[in-house]
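Trainee: Would you be able to build a 3D model of this:
(chains A and B)
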Amino acid sequence: AQSVTQPDIHITVSEGASLELRCNYSYGATPYLFWYVQSPGQGLQLLLKYFSGDTLVQGIKGFEAEFKRSQSSFNLRKPSVHWSDAAEYFCAVGNFGNEKLTFGTGTRLTIIP
Amino acid sequence: DTGVSQDPRHKITKRGQNVTFRCDPISEHNRLYWYRQTLGQGPEFLTYFQNEAQLEKSRLLSDRFSAERPKGSFSTLEIQRTEQGDSAMYLCASSLQGGYTFGSGTRLTVV
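Mentor: Numbers count the residues shown, from 1 in each chain, chains lettered A, B, ... in the order given. Next up is the predicted model:
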């Protein structure tokens, strides 16, 4: 069965500092991997996805993620965070056949001045 | 195209009542998914449709839950005899070959 682990429940970063959110997955084949962002009371917005090819994926809002098969990881990075990046971030792994997503428990990002 | 629409945005109901939520997917998307998200957790898969066929249901979907997608367009999710444990955000998503889009969700509160 597929699973996702986001080891950090809450991260606090200063505005302008770099960010890395960790994600480890378990999946039997080549995974589809996603990062979503969710503001309070809102739905999920896709930041980026990895299906195949280049292991460094660029997304919206200046985010990127790197797929590392040897580490079963898909960490999200941003070189300089903005106050508007404060939100909940979810990593997800998808099934190639039915595209059903399995989500991690999320990482809440707080930005301090 | 305005994306995936869900109605209502919020629903407060008394325990034991039935509720129904609606999801309008992106028109050309053939797959439609329902997820449930409780406070502090990631979304959990409930069920999905390919066109009008319901192809998979999670064990989370008890017999009080039923979902339909008549004519392969919009979908409804009904919860009968609601319980306090049903309080959650119900998210709908649609996809076409990996292009996955979520709606804003319906927040259900059972009192």
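Trainee: Can you list the buried residues in stretch A:97-113?
Mentor: Buried residues in stretch A:97-113, defined by neighbour count with 16 or more other CB atoms under 10 Å in any protein chain shown: A:Glu99, A:Lys100, A:Leu101, A:Thr102, A:Phe103, A:Gly104, A:Gly106, A:Thr107, A:Leu109, A:Ile111. Placement of C-beta: from N, CA and C, glycine included.
Trainee: Of all residues in chain B, which one is closest to chain A?
Mentor: Closest residue of chain B to chain A, CB to the nearest CB: B:Gly42 (3.2 Å).
Trainee: Quick one: residues in contact with the helix or strand of chain B with the lowest mean pLDDT.
Mentor: When the helices and strands of chain B are compared on mean pLDDT, DSSP states H and E, strand B:99-102 comes out lowest with a mean of 85. Strand B:99-102 has contacts (CB atoms under 8 Å, 6 or more residues apart in numbering or on different chains) with A:34, A:36, A:43-46, A:49, A:94, A:99, A:101, B:3-4, B:26, B:29, B:91-95.
Trainee: hmm, back to that, right, and the residue of chain B closest to chain A touches A:Gly106 too?
Mentor: Yes: the criterion here is CB atoms under 8 Å, and B:Gly42 meets it with A:Gly106 at 5.3 Å.
Trainee: between the two, what contacts are shared?
Mentor: Common neighbours of B:Gly42 and A:Gly106 (CB under 8 Å, 6+ apart) are A:Phe90.
Trainee: got a pLDDT number for the residue of chain B closest to chain A?
Mentor: Per-residue confidence (pLDDT) for B:Gly42: 93.
Trainee: Can you name the residues that contact it?
Mentor: A:Val4, A:Phe90, A:Ala92, A:Phe103, A:Gly104, A:Thr105, A:Gly106.
Trainee: Checking the closest residue to the fourth one other than its chain neighbours next. Helix, strand or coil?
Mentor: Read that as A:Phe103. Sequence neighbours aside, B:Gly42 is the residue nearest to A:Phe103 in space, at 3.2 Å (criterion: CB to CB, 6 or more residues apart in numbering or on different chains). Under DSSP: H, G, I helix; E, B strand; the rest coil, B:Gly42 falls in the coil class.
Trainee: Now for the residue lying closest to B:Arg31 once chain neighbours are set aside: which residues touch it?
Mentor: Spatial nearest neighbour of B:Arg31, excluding adjacent residues (CB to CB, 6+ apart): B:Ser95 at 4.7 Å. By CB under 8 Å, 6+ apart, B:Ser95 lies in contact with A:Glu99, B:His29, B:Arg31, B:Tyr33, B:Thr101.
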